[in-house]
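J.: pasting the sequence and the predicted model now:
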Amino acid sequence: MSNAQIEIQLIASLVAIACAIPGTFLVLRKMAMISDAISHSILPGIVVGFFITQDLNSPLLILLAALTGVITVVLVERIQKTGLVKEDTAIGLVFPALFSIGVIMIAKNANDVHLDVDAVLLGELAFAPFDRLFISGTDVGPKSLWIIGSILVITVGLLIAFFKELKVSTFDAGLAASLGFSPALIHYGLMTVSSVTTVGAFDAVGAILVVALMIAPAASAYLLTTDLKKMLGLAIVFGVLSAISGYWFAHWLDASIAGSITTMLGVLFLLVYLFAPSKGLIAVMYREKQQRIEVSLLTFLLHLKNHNEETERHVNHLNEHINWQKVRSKTVLDLALKNNMIVIDNKIVSLTEKGDEFTSQAIDYIITNEDAQIEDMKDDFFLFRG
Amino acid sequence: MDLQEYFSLVFSDYTLRTITLGTAILGAVTGMLGSFAVLRKQSLLGDAISHAALPGIAIAFLITGAKDSNTLLLGALVSGLLGTFWIRGIITKTHLKSDTALGLILSLFFGFGMLLLTFIQKQPNANQAGLDKYLFGQAATLVESDVWLMAIVTGLCLFVLLLFWKEFKILLFDKDYAKTLGFNTKTIDILITSFIVLAIVLGLQTVGVVLMSAMLLAPAAAARQWTNSLSKMVFLAAVFGAFSGVFGTAISSSQNNLSTGPVIVLVASVFVIFSFIFSPSRGLLFRQIRFIANRRDLEQQKTLAFMYHIAETHDNISHPHTIKILNNFQGFTRKTLQKLVDKEYVVLDGTMWSLTQKGFDKASNLYNQQAKEDE
């Protein structure tokens, strides 16, 4: 690995960490789309900042652009407060307008601005190591490494200092307000950090892909845990993992690094989405299927309990009575047998003592409808799910 | 070329006519379908879909190796639909909220699309140039067949809209009721979403991936301010959309270095701002005027009530009092007093005022009457 390669991976990883931290809170606060809006609407801020400073890496430009991000948030809230349109429409109206202004500003001044729209969308991570920072003549590393590094240090500092406040206001805004934390302050603080991070990361991965780095690791982590600290940790790990694997994938494919990092994030999310232990798609579908069978079993047992006549309880008549397909009736019948709920005597099905007790409790449950009871019941009767 | 020249050329120049017609039709169809997106609170779905369409374009090009816009749009359609259904899957099957799902699909698909685009650019295929026009759109590349395609889709869209108008409307405003009436809400839902995806994909070539969502939202949000009726809103949104398209094209072609997409979006935004401020029933300006008028009315009534309570203590209700005793009363100005005089509730005599019989009656019934009006 050459020096430049290590530096690129280092920058990408730092960007991923810096994005994952505010991203986690945005996802939890249901404000993920705000990051999309910010990432688009900082464009005019960057262009204006560039006219003033003539340097894409100047701190003033980052501040100006971040200010545009905060203005976007304020504007969205103002429009929403008029009650004329809903919040999502407000977001959808504000950022394309600001982005259009940015694109037109770039196009009108194309000759004197070294800024093209492709770079805005994609970033130029591959060139980052060549723009170096010199302090009194000595080379101390790439500029963007220092920028994203300082943003990360500030973010982590703020996170540690205000972790408790952030946590409370994210999960219970009312409690936070009554405890005396200003929800507005925390909200705008988070928005400012997100804007600054977006601008800082913009140089490396481009305006739109910042959104991926903010949302995807946090969303993947959210499917795996419900503990805030673990979620932050997982999001950071996912971000760094995708950043490094994405770099090598891009290296192999000879394509955009930012695009490849996002693709890695996408693959990662897809895997988590499918295979997450309790919240993944497969786990959810399996649980739904199990619940369907459990409900069928209950219906079946209730039917048995309601009918004493032997004709109603004959094996061959069951599917026409409860209106089930053959396979399903067979599954339910087998399940009930395995659980010792029923006995089949001479093709006549009847409830055992256990089945009878179970059914009575189930009726109680259905009447009172208290959620906790059914779980206890399953334990009491050791329901074998087949 | 200035604007005047543009309008004289529209009818004679082939390219200009094609582009103008194309953007107008596009604006109309997106405005029409956008109304549904806005009312269904799916405003940002358009943003997500348009971004999600990018990998479809790239893959269609990789497979066919040709830059035929119809094939590419087909790819975009497939990938847009895939994105839409994945969003739906994430929202219904996991505990992630809709904003996270939208942001995820938007950024992940777009990133993958960008990866493919940069990959294509490195390929030794001379044909690949110009795929990135789908990022910001280039109205100048529209040809007559594209416009025909747009017109056909718009016609189809209009037909389906009219055919299923009742179903769409009931789904929009009361989904549960629609379900109890026996409508297959899932199918209607998929139908309308598919048409929204179709409209977005059509616009990619003209406005581009990044700004397409504004084309969907802005005309609808503007139209919403002027009416409370769905049919009028859809019609108005189509008109606003078409005008944004025409004006946007006119402005961008009258200047150098102005891409059409952003200009159309800005024109549509101007429509929105104008509607927000000047709409008679919902607009901010008239709302403020009504607010001030109401407050003034209330202050006048308060003054009258105050006078009434003073006059009550005297046998003669028209017993004159000095204006000075009103000075401490909040909301009293010489102007409001004059207004009361104009209404013949009060008579002024130098520095003294006295209540007239009419004013006294009015004041004694002030709160009763209001109660009556409220009923």
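T.: Good, I have the coordinates.
J.: when you work out contacts or count neighbours from here on, use the C-alpha atoms and nothing else.
T.: Fine.
J.: ok now the strand or helix carrying A:Leu301, how far from the chain's centre?
T.: In this structure, A:Leu301 sits in helix A:281-306 according to DSSP states H and E. In terms of Cα atoms, centre = their mean, to the nearest Å, the gap separating the centre of helix A:281-306 from the centre of its chain is 31 Å.
J.: close to chain B, is it?
T.: Yes - counting by Cα under 8 Å from any Cα of the partner chain, chain B is contacted by helix A:281-306 at A:281, A:284.
J.: how about that helix: buried residues?
T.: A:281-284, A:293-294, A:296-305 (16 or more other Cα atoms under 10 Å in any protein chain shown).
J.: can you list the domains in chain A?
T.: Annotated domains of chain A cover A:3-213, A:285-381 [automatic domain parsing].
J.: before we move on, what about chain B?
T.: According to automatic domain parsing, the ranges for chain B are B:3-282, B:293-374.
J.: just say which of the domains of chain A is most tucked in.
T.: Highest mean neighbour count among the domains of chain A (mean count of other Cα atoms under 10 Å in any protein chain shown): domain A:3-213, with a mean of 20.
J.: what about that one, start to end distance?
T.: From its first residue to its last, domain A:3-213 covers 24 Å (Cα to Cα, to the nearest Å).
J.: can it be found next to chain B?
T.: Yes - for domain A:3-213, a contact with chain B is found by Cα under 8 Å from any Cα, at A:27, A:30-33, A:36, A:82, A:84-86, A:88-89, A:91-93, A:96-97, A:99-101, A:103-104, A:107-108, A:122, A:208-209, A:211-212.
J.: need the domains of chain A in a markdown table (columns: mean pLDDT).
T.: Below are the domains of chain A laid out as a markdown table (pLDDT from 0 to 100):
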| stretch | mean pLDDT |
| --- | --- |
| domain A:3-213 | 84 |
| domain A:285-381 | 75 |
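J.: may I have the phi/psi pair for the residue nearest to B:Phe286 when sequence neighbours are not counted?
T.: Closest residue to B:Phe286 apart from its sequence neighbours, by Cα to Cα, 6 or more residues apart in numbering or on different chains: B:Pro280 at 6.1 Å. For B:Pro280, the backbone dihedrals (degrees, to the nearest 10) come out as phi -60, psi -40.
J.: mind listing what residue 104 touches?
T.: Defaulting to chain A. Counting by Cα atoms under 8 Å, 6 or more residues apart in numbering or on different chains, A:Ile104 touches B:258-259, B:262-263.
J.: I was after chain B.
T.: Taking Cα under 8 Å, 6+ apart, we find B:Leu104 in contact with A:211-212, A:215-216, A:219.
J.: which SSE is it in?
T.: Secondary structure (DSSP H and E) places B:Leu104 in helix B:98-121.
J.: next secondary structure after that helix?
T.: Note on helix B:98-121: by DSSP H and E, the next helix or strand toward the C-terminus is helix B:133-136.
J.: quick one, strands of chain B?
T.: Secondary structure of chain B (DSSP state E): strands located at B:321-322, B:346-349, B:352-355.
J.: now for the second one, which elements pack on it?
T.: Counting contacts by 3 or more Cα pairs under 8 Å, 6 or more residues apart in numbering or on different chains; DSSP states H and E, strand B:346-349 packs against helix B:334-342, strand B:352-355.
J.: and for the residue of the stretch 251-375 of chain B found nearest chain A, the neighbour number?
T.: The nearest approach of the stretch 251-375 of chain B to chain A comes at B:Pro262, 4.5 Å away (Cα to the nearest Cα). B:Pro262 is flanked by 29 other residues according to other Cα atoms under 10 Å in any protein chain shown.
J.: got the strands of chain B as TSV, with mean neighbour count and mean pLDDT columns?
T.: Formatted as TSV, the strands of chain B follow (neighbours: other Cα atoms under 10 Å in any protein chain shown; pLDDT from 0 to 100):
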stretch	mean neighbour count	mean pLDDT
strand B:321-322	16	75
strand B:346-349	18	77
strand B:352-355	22	78
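J.: near chain B, which residues of the stretch 201-350 of chain A are found?
T.: Taking Cα under 8 Å from any Cα, the part of the stretch 201-350 of chain A that reaches chain B is made up of A:208-209, A:211-212, A:215-216, A:219, A:222-223, A:253-263, A:265-266, A:279-281, A:284.
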